[in-house]
Each structure stands twice: as C-alpha cells, then as structure tokens.
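Asker: Here's my sequence, what's the structure:
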Amino acid sequence: MKLARKITIALTLLAIAVMTVLETLEVRRELERSAIDMQHDHRLLGHTLAGSIARAWQEEGEAEALTLLDQANRFQAQVYLRWVWLDGAQGHSAPALPASLLRTLRGGQDGSMVDDTSAGAGVLRSYTPVFINTHLGAIEISESLSEEHQHVRNTVQNAAIATCAIAVAFLLAAMAMGRRLVGRPVNQLVELAHRIGEGRLEERVHLRQNDELQTLATAMNRMAELLLTAREKIALETAAHLATLEHCVTRTGSPPWASWPRAWRTRWAPRSTSCSAGRR
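Answerer: Okay, the predicted model is just below:
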C-alpha cells in the first residue's frame, strides 16, 4: 500500500500543478480579453460622439457641444466623459499624458492608458482625437478598473475551487485505482512469499491483470512449483536411501557405518529403528 500511496500522491501533485498552470494561463487570457473589450467599447463610444460633437461645435458653438457630453454622462454612470484640448487651445492646458500617447493622438489615432495614480484599482483612460477648426482636442473616456479586478478575483476564486474539487476527485479515484491495481496485488504477492517461506509450497496466487505484477506472480508460482518438485524428489531419494540401508542391515546384521569412527557415527550415521531391529 505504501507504493500505491506514493504513486497516488505523485499523480495528484502532478495534476494539481498542470491545472494550476492552465488556470493561470486562462486568467491571463481573460485579463487580456477584458482589456481589449474595454478599449474597443471606449473606441466605439468615442467615435459615436466625435462626429456629433464636431458638428455641434461648428454649428452651435462650444457650449452646445459640451452639453452633449454632459447629457451622455447623465445617461450612464459606468464611464465618465469630458473634453480635453491636446494643444493647449482656448487657454486650457493639455493633460499630462505620456509623450508616446500624445504623438499617437496628434497623428489622428485613438489611444489609451491606465492611470494608476487614481484611488482604488486604477482607471482606464481612452482618448478619441477630434479636430475643431485648426485645434486638436479629444474626448476623454474614463472607466474604473475595480469591476475588472473584481471579475478577476472571482475568476481566480472559481478556478481555485474547481482545481481543489478536481484534485480531490482525482485523489479519490487514484487511491481506488492504486489500491486495486497495485496495493491489493502486491499484498497477495507478499502473502505468497510468506507462505512459501513457511514451507507451504502448494499455495498459488492468480492475478487477473496484464502487467508486470502478473508476470511476477507467474514467476513466483513457477518458483513454488519447482521448490515443491525438488522437495518431493529429495523425499523420494531419502526414502530410497533408507530402504537400501535397512536392506543392508537385514542381510549383514550390522550397518555399514558400524566400522566408522565414533565421531563420524555420532554425526553422520542415520538412526533407523528398522536397522536396529535388523541387528537384533
């Protein structure tokens, strides 16, 4: 059973390691997909508003354009929209953005960044550039990452629970299979070895499995059979020798070892009642 237990523990640890690696990769892919989805949603919202704001700015002025952003903020609370000037126009200072992001926006392309300086889990800020006459502004879309982090925590928690459940089920299944395929056959072979050592050479063990343990059982059965044959042969030869000695005693009246030295007779001469009777 110790061998089966070791194999079971090793397989269980291996399964846990594999599942942990797979779950870690899955969480990373989930994070990447979530970030891509958020950026896509921001880009879609930004481009939807950009055309309306540009037309409102040109036809009705800045106040009407900014009113559109305020109305959009009132209709939803998940993201926050605001207008920023990227070139410091209208006396406003440009937001403190990384130089690479500013180059991207000035090139007319969307960009985003994660603001870790905000309280909580951070904020994803996306920018959609909009040209107003000769000046460059942008719609800033801000969304807290707290929900994303909560989703990640839930995913990790669910993955941990699933991994533990699968590990326990695998452990129980491996223990049952190890007991049946390794533990029980090994115990039978050990008992057979003990019985052979006690001289019970008629005992046999039969395993119904096509593996190395069955090969070992066949070899042990063959060994017991050969030992039994050898013991029977020795018994027959010993009986024949005794019969010969009794015959000699009957004919001569004294055994052939009568002339041996006393030390030899004490150690080597057989003590046969029949021979003694023959001498009398």
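Asker: Can you show me the strands along this protein?
Answerer: 79-85, 111-115, 123-132, 135-144 (DSSP state E).
Asker: Rebuild those strands as JSON lines, extending it with distance to Met223.
Answerer: To be clear about C-beta, it is placed using only N, CA and C from the backbone, and glycine gets the same treatment. Putting the strands of the chain into JSON lines (distance: least, CB to CB, whole Å) gives the following:
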{"stretch": "strand 79-85", "distance to Met223": "81"}
{"stretch": "strand 111-115", "distance to Met223": "73"}
{"stretch": "strand 123-132", "distance to Met223": "75"}
{"stretch": "strand 135-144", "distance to Met223": "76"}
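Asker: Relative to Leu213, which of these is closest?
Answerer: strand 111-115 (59.2 Å; CB to CB).
Asker: could you say what helices and strands that closest one packs with?
Answerer: Applying 3 or more CB pairs under 8 Å, 6 or more residues apart in numbering; DSSP states H and E, one finds that strand 111-115 contacts helix 99-106, strand 123-132.
Asker: Tell me the strands beside that strand, with direction?
Answerer: strand 123-132 (antiparallel) (DSSP bridges).
Asker: Would you mind getting the angle between the partner strand and helix 99-106?
Answerer: 40 degrees (axes from the mean of the first three to the mean of the last three CA atoms, to 10 degrees).
Asker: what angle sits between strand 123-132 and strand 79-85?
Answerer: Going by the same axes, to 10 degrees, strand 123-132 makes 40 degrees with strand 79-85.
Asker: can you tell me the average pLDDT over strand 123-132?
Answerer: Average pLDDT, strand 123-132: 90.
Asker: got a list of contacts for that strand?
Answerer: Here strand 123-132 makes contact (CB atoms under 8 Å, 6 or more residues apart in numbering) with 35, 38-39, 42-43, 46-47, 49-50, 53-54, 57-58, 84, 86, 89, 97, 101, 105-106, 108-115, 136-145.
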